[in-house]
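# Provided below are the primary sequence and the corresponding predicted coordinates.
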Amino acid sequence: MTTGGFPSTTSLPVKDIGRLLLRCDDRPGLVASISSFLSEAGANIISLDQHSTAQTGGTFMQRTIFHMPGLSAARDEMERAFSDRVAGKFGMDFQLTEAAKPKRVAILASREDHCLLDLLWRNRRGELDMSVVMVISNHPDLADQVRPFGVPFLHVPAHKDIRAEAETRKLELLRGNVDLVVLARYMQVLTPRFLGEIGCPLINIHHSFLPAFVGEAPYRKAKERGVKLVGATAHYVTEELDEGPIIEQDVVRVDHRHGVDDLRRLGADVERVVLSRAVLWHCEDRVVRHGNQTIVF
């Protein structure tokens with residue numbers, strides 16, 4: 001099974017399957033040390049993908065999928081041993097996860113429903129292996145649409161005049177309870193304080209045009225300029241608005257026959273696909289951040 005050109009493991013058995021994702025300065029002996037550790041631990045490597053940013057002196061990144069009987073019971077000790085024997089030696093940043101434990105995900109939305117409902121639908125169909133623990137919205141409009149999915153819908157009003165209080169409430173709900181927050185067309189700016197305290201990554205989606213159109217009515221402006229491409233960008237959230245590391249992008253061609261409503265509909269379609277790919281790849285531990293870039297295995 002493939003998703004967006006990348007192989008998906010969601011259709012494969014996940015019991016006793018581990019994922020090791022790491023990054024460090026490139027040097028000789030890395031692959032041998034990692035493979036030897038896994039072999040000595042009783043793990044069998046199923047797949048291994050790696051990349052170095054330069055032939056010499058670059059940054060090395062690797063994603064390893066392995067099978068190890070009794071992984072769930074042994075994972076914590078295995079993580080400590082890897083940290084002591086391998087990661088410490090090479091100065092690695094790493095994460096060791098179990099495929100059988102889906103990431104806990106919260107979705108933030110406002111009034112637009114297309115990205116939110118697409119994520120919930122794909123999750124229910126088994127296309128997105130994650131546990132959606134809550135939907136938080138600054139408007140109550142989507143509560144009835146979320147209810148059939150059996151996911152708690154929490155209305156937390158938010159606007160610039162009560163931003164601090166709203167973020168405090170969201171932090172109370174999210175901090176320590178989720179592994180990922182997805183902004184499914186959540187139309188509120190998140191402050192550096194919130195990003196610094198949330199304790200997990202955030203993924204955002206927004207439309208993309210060539211040239212760019214910011215502010216209100218971007219699709220009307222795009223039509224007036226006669227754009228030929230409408231697209232979307234999914235990225236990790238940083239303090240710089242819409243400037244975080246890009247995970248996925250896509251475009252659809254348009255022409256003079258498309259009206260503003262057509263552009264808006266096509267834009268929503270590509271936003272759904274791009275966001276679902278980005279969330280899938282993150283939940284499958286395929287994404288390594290490198291500065292303000294990502295490497296997607």
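Received, thanks.
# Strands along the stretch 1-150 of the chain, start to end?
All strands of the stretch 1-150 of the chain, identified by DSSP state E, counting those that start in this stretch, fall at 2-3, 6-7, 17-25, 44-52, 59-67, 93-98, 103-109, 130-137.
# Put the alpha carbons of the fourth one into CSV.
Spelled out, that is strand 44-52. Extracted C-alpha coordinates of strand 44-52, given in CSV (Å, rounded to 0.1, in the frame of the first residue of the first chain):
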residue,chain,number,x,y,z
ASN,A,44,15.2,-8.0,13.2
ILE,A,45,15.5,-4.9,10.9
ILE,A,46,12.6,-4.8,8.4
SER,A,47,13.5,-1.6,6.6
LEU,A,48,16.2,1.1,6.9
ASP,A,49,16.2,4.5,5.2
GLN,A,50,19.0,7.0,5.6
HIS,A,51,20.2,10.3,4.3
SER,A,52,23.2,12.5,4.8
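# So which bits of it are buried?
48, 50-51 (16 or more other C-beta atoms under 10 Å). To be clear about C-beta, it is placed using only N, CA and C from the backbone, and glycine gets the same treatment.
# what stretches of the stretch 1-150 of the chain score poorly on pLDDT?
For the stretch 1-150 of the chain, the stretches with pLDDT under 70 are 1-13.
# deepest of the strands of the stretch 1-150 of the chain, which one?
Most buried of the strands of the stretch 1-150 of the chain by mean neighbour count (mean count of other C-beta atoms under 10 Å) is strand 103-109; its value is a mean of 24.
# one step back: what would the strands of the stretch 1-150 of the chain look like in TSV with distance to Ile246?
Shown next, in TSV, are the strands of the stretch 1-150 of the chain (distance: least, C-beta to C-beta, whole Å):
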stretch	distance to Ile246
strand 2-3	18
strand 6-7	15
strand 17-25	17
strand 44-52	16
strand 59-67	16
strand 93-98	20
strand 103-109	20
strand 130-137	21
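# Figure out which of these is closest to Val214.
Nearest of the strands of the stretch 1-150 of the chain to Val214, taken as C-beta to C-beta: strand 103-109 at 21.0 Å.
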